[in-house]
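>>> Kindly generate the corresponding structure for this input.
(chains A, B, C and D)
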2 protein chains.
Amino acid sequence: MGRRVDPERVARKREQITLEAGRLFSTRGYERTSVADIAHAAGVSPASVFYYFSDKAAVFRAIFERDLPAAEALVAAHAHTETPVAAILDVLSALARDAADPGASGMLVELLRRVEHDPELVAVVTRTAEVLTGGLAALVEQGIAAGDIDPSLDPAAAAAWLQAIVDATYLNARPGHSPLVELRRTVTGYLTPPLPEGDPQHD
Amino acid sequence: MGRRVDPERVARKREQITLEAGRLFSTRGYERTSVADIAHAAGVSPASVFYYFSDKAAVFRAIFERDLPAAEALVAAHAHTETPVAAILDVLSALARDAADPGASGMLVELLRRVEHDPELVAVVTRTAEVLTGGLAALVEQGIAAGDIDPSLDPAAAAAWLQAIVDATYLNARPGHSPLVELRRTVTGYLTPPLPEGDPQHD
DNA sequence: GTCTATACTCGGATAGAC
DNA sequence: GTCTATCCGAGTATAGAC
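Numbering: from 1, shown residues only, chains lettered A, B, ... in the order given. Predicted coordinates for the structure are as follows:
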């Protein structure tokens, strides 16, 4: 009658393997990281990795499964605001926070590479992306309604573009240099109405 | 006494192999593309590939070797202008032109991945990047001098950031969607002085 | 549950004939 | 120059002992 498996122990083991795998994938790349490498880093045997994961691709997917709750929390935290543009900047800054981390850049690159070959990975990341896109699009709509954002923008398209800009900060990450200033300046410049010659003040 | 090798023929063969390799690398990825795949696509044997290239990595590098003259021509064509902001937009539009090509996104990702493991590839692409950065930085300086660009911007940093925005168009590429509108809007918004409350007119 | 050992496949690169 | 044939190393995944 004793419990056969300790789900908490399993979760810890998976977490441990996932952590080491993430480090290796981000630095060496997916194909150049062998399961033996992961097992060695995690202090287990290759066979144990296959006990906790169905195959190598599943190890990679596990890294991104925890992004969904984080994205939901981020969006929820800024859903109700009276300053939509500031909220957008906060969300994007949070997303770009890790850009300075040298491994994060490599991880994004590997992700972009892998999604083309792993349909299950697509399912994992599109859910996260949809949450972010939806949240950002809603904020863009609020900004338009408040008159702070150019009404000619399509909210969904703008949200996708803003995320692409954040991704670009990862790709062009340089050590010791935070992209936050450029990011803020770019985003505000993109969202703000172009002030076509004449309506300078309205208060 | 006849010439033993026909350099033009060699160039054509290399070009042919490079072309097919580029297609395969961009869709399947570097590691998942075997030399046998490239040879088959080019209609030659694997051994012939190694006759024209020292190894697989050299085939990949060859794809980017022709970018340097293109970059030099692009920069030279816009070096002397009286409308620096328009020139910058032209240069960036040209760079983003290929973003519509499906596969171009994959190629960018593969490149970013490979540079971390191939020092010779770094040498190839940094020369191209330096040409572009130098040309763009010069245009930014001219724009500042002309009063069209915010003087608080650092030309070199701005040039690097502009290239990051071009990368974003690749990441945001979707079939049937031209990135040029977002690109123009984003770049002008970034470069233009922010008009801080009070100096609406100056003529 | 975790290990050792291994079956099986595949890819890069070379040798040598023509 | 271009081919066929092949060597060698590596990597995923599994079988089965403990």
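>>> Might you list the low-confidence residue ranges for chain A?
Counting by pLDDT under 70, chain A shows low-confidence ranges at A:1-4, A:196-203.
>>> max-length helix in it?
helix A:119-146 (DSSP state H).
>>> which parts of chain A sit against chain B?
By the rule CB under 8 Å from any CB of the partner chain, the part of chain A lying against chain B is A:29, A:31-32, A:106, A:109-110, A:112-113, A:116-117, A:157, A:160-161, A:164-165, A:167-169, A:171-172, A:179, A:182, A:185-186, A:188-190, A:192, A:194-195, A:200-201. From N, CA and C alone the C-beta is placed, and that goes for glycine too.
>>> among those, which ones are buried?
For these, a burial check counting by 16 or more other CB atoms under 10 Å in any protein chain shown picks out A:29, A:31, A:106, A:109-110, A:112-113, A:116, A:157, A:160-161, A:164-165, A:167-169, A:171-172, A:179, A:182, A:185-186, A:188-190, A:192.
>>> quick one: which of the residues of chain A next to chain B sit in helices?
Among these, the members found in helices (DSSP H) are A:106, A:109-110, A:112-113, A:157, A:160-161, A:164-165, A:167-169, A:171, A:182, A:185-186, A:188-190.
>>> Quick one: residues contacting residue A:39.
By CB atoms under 8 Å, 6 or more residues apart in numbering or on different chains, the contact set of residue A:39 is A:45-46, A:48-49.
>>> now those in a markdown table, with neighbour count and secondary structure?
Putting the contacts of residue A:39 into a markdown table (neighbours: other CB atoms under 10 Å in any protein chain shown; DSSP: H, G, I helix; E, B strand; the rest coil) gives the following:
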| residue | neighbour count | secondary structure |
| --- | --- | --- |
| A:45 | 13 | coil |
| A:46 | 13 | helix |
| A:48 | 14 | helix |
| A:49 | 23 | helix |
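>>> Excluding sequence neighbours, find me the nearest residue to the residue in chain A that chain B sits nearest to.
Residue nearest to chain B within chain A (CB to the nearest CB): residue A:189, separated by 2.5 Å. With CB to CB, 6 or more residues apart in numbering or on different chains as the criterion, residue A:189 has its nearest non-adjacent residue at 2.5 Å, and that residue is residue B:189.
>>> ok, and of the residues of chain A next to chain B, which contact DNA strand D?
Near DNA strand D, judged by CB under 7 Å from any atom of the strand, the entries from the residues of chain A next to chain B are residue A:32.
>>> Break chain A down into its domains, please.
For chain A, automatic domain parsing gives the domain ranges A:7-57, A:66-191.
>>> Am I right that residue A:172 is in contact with residue B:166?
No. Using CB atoms under 8 Å, residue A:172 is not in contact with residue B:166; the gap is 10.1 Å.
>>> what's the nearest residue to residue A:177 if we skip its chain neighbours?
residue A:100 (7.8 Å).
>>> Please name the residues that touch that neighbour.
Counted by CB under 8 Å, 6+ apart, residue A:100 has contacts A:173, A:175, A:177-179.
>>> which residues does residue A:175 contact?
Per CB under 8 Å, 6+ apart, neighbours of residue A:175: A:100, A:102.
>>> Show me which residues of chain A are close to DNA strand C?
Near DNA strand C, when you scan chain A using CB under 7 Å from any atom of the strand, you find A:4-6, A:9-10, A:13, A:43-48, A:51-52.
>>> Only whichever of these are buried, select them in PyMOL.
Buried members of the residues of chain A next to DNA strand C, defined by 16+ other CB under 10 Å, are picked up in PyMOL with:
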select buried, chain A and resi 13+44+52
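>>> of the residues of chain A next to DNA strand C, closest to DNA strand D?
Set against DNA strand D, the nearest of the residues of chain A next to DNA strand C by CB to the nearest atom of the strand is residue A:47 (3.8 Å).
>>> Between helix B:104-114 and the host helix or strand of residue A:104, find me the angle.
According to DSSP states H and E, residue A:104 maps onto helix A:102-114. On the basis of axes from the mean of the first three to the mean of the last three CA atoms, to 10 degrees, helix A:102-114 is oriented at 140 degrees to helix B:104-114.
>>> Helix A:102-114 packs against which elements?
Helix A:102-114 sits against helix A:7-28, helix A:56-65, helix A:119-146, helix A:155-171, helix B:104-114, with contacts defined as 3 or more CB pairs under 8 Å, 6 or more residues apart in numbering or on different chains; DSSP states H and E.
>>> What is the nearest of the contacts of residue A:39 to residue A:94?
Among these, residue A:49 lies closest to residue A:94 (CB to CB), at 32.1 Å.
>>> which residues touch the closest one?
Counted by CB under 8 Å, 6+ apart, residue A:49 has contacts A:17, A:35, A:38-39, A:42, A:59.
>>> Out of those residues, give me the one that has the most neighbours.
Using other CB atoms under 10 Å in any protein chain shown as the neighbour test, the contacts of residue A:49 are led by residue A:59, with 25 neighbours.
>>> ok, now how distant is that residue from residue B:61?
According to CB to CB, to the nearest Å, residue A:59 stands 31 Å off from residue B:61.
>>> which ones are touching residue A:68?
With CB under 8 Å, 6+ apart, residue A:68 has these contacts: A:124, A:127-128, A:131.
>>> if we go to 6 Å?
By CB atoms under 6 Å, 6 or more residues apart in numbering or on different chains, the contact list for residue A:68 reads A:127-128.
>>> quick one: the helix or strand containing it to chain centroid distance?
Using DSSP H and E, the element containing residue A:68 is helix A:67-77. Offset of helix A:67-77 from its chain centre (CA atoms, centre = their mean, to the nearest Å): 10 Å.
>>> Apart from its neighbours in sequence, what residue is nearest residue A:24?
Closest residue to residue A:24 apart from its sequence neighbours, by CB to CB, 6+ apart: residue A:33 at 4.4 Å.
>>> Now do the phi/psi pair for that neighbour.
Main-chain torsions, residue A:33, degrees, to the nearest 10: phi -100, psi 120.
>>> How many neighbouring residues does it have?
With neighbours defined by other CB under 10 Å, the count for residue A:33 comes to 21.
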